[in-house]
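Engineer: Pasting a predicted model and its sequence here:
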Amino acid sequence: MEIFQFFVDYKEMIYFIALAVFVGVEVIGGVPTVLHTPLMSGANAIHGVVVVGAIIVMLDTEPDNYIGLVLGFLAVILGTLNVVGGFVVTDRMLEMFKKK
């Protein structure tokens with residue numbers, strides 16, 4: 001029953017997130033294939049904001065809230081992998097344009 005109350009209390013936020021997902025899919029779907037990889041690698045490199053946000057949220061989490069701490073830890077790990085992957089892909093693309 002608490003789940004239903006959560007959805008009732010935060011329905012505006014849920015609508016906003018759902019709308020953001022649909023708009024994001026449409027925007028990314030409209031990008032030509034040639035530009036997709038450079039844009040995504042740059043976006044993944046900027047993804048460091050998520051890592052900082054996850055760390056801030058983990059700092060405000062109660063020590064006995066294990067679910068929150070585990071989810072925050074996973075957010076930090078996955079965000080870090082995304083940032084590193086973005087830099088690796090960007091570096092490989094820049095290597096293609098260097099003279100041999």
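Structural biologist: Yep, that arrived.
Engineer: mind listing what's buried in the lengthiest helix in the chain?
Structural biologist: For the chain, the helix with the greatest residue count under DSSP state H is helix 66-96. By 16 or more other Cβ atoms under 10 Å, the buried positions in helix 66-96 come out as 72, 75-76, 79, 82-83, 86, 89-90. Heads up, the C-betas are built off the backbone N, CA and C, glycines and all.
Engineer: burial count for the residue nearest to Leu39 when sequence neighbours are not counted?
Structural biologist: Leaving out its chain neighbours, the residue that sits closest to Leu39 by Cβ to Cβ, 6 or more residues apart in numbering is Val31, at 6.2 Å. Residues within reach of Val31, counting by other Cβ atoms under 10 Å, total 13.
Engineer: what pLDDT does Val31 get?
Structural biologist: Reading off the confidence values, Val31 has pLDDT 71.
Engineer: got the CA positions of stretch 72-84 in CSV?
Structural biologist: This file holds the C-alpha atoms of stretch 72-84, laid out as CSV (Å, rounded to 0.1, in the frame of the first residue of the first chain):
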residue,chain,number,x,y,z
GLY,A,72,24.1,4.8,-4.2
PHE,A,73,27.2,2.6,-4.5
LEU,A,74,25.9,1.0,-7.7
ALA,A,75,25.1,4.5,-9.1
VAL,A,76,28.7,5.6,-8.3
ILE,A,77,30.2,2.5,-9.9
LEU,A,78,28.0,2.6,-13.0
GLY,A,79,28.4,6.3,-13.5
THR,A,80,32.2,6.0,-13.2
LEU,A,81,32.2,3.2,-15.8
ASN,A,82,30.1,5.4,-18.1
VAL,A,83,32.5,8.3,-17.7
VAL,A,84,35.6,6.2,-18.3
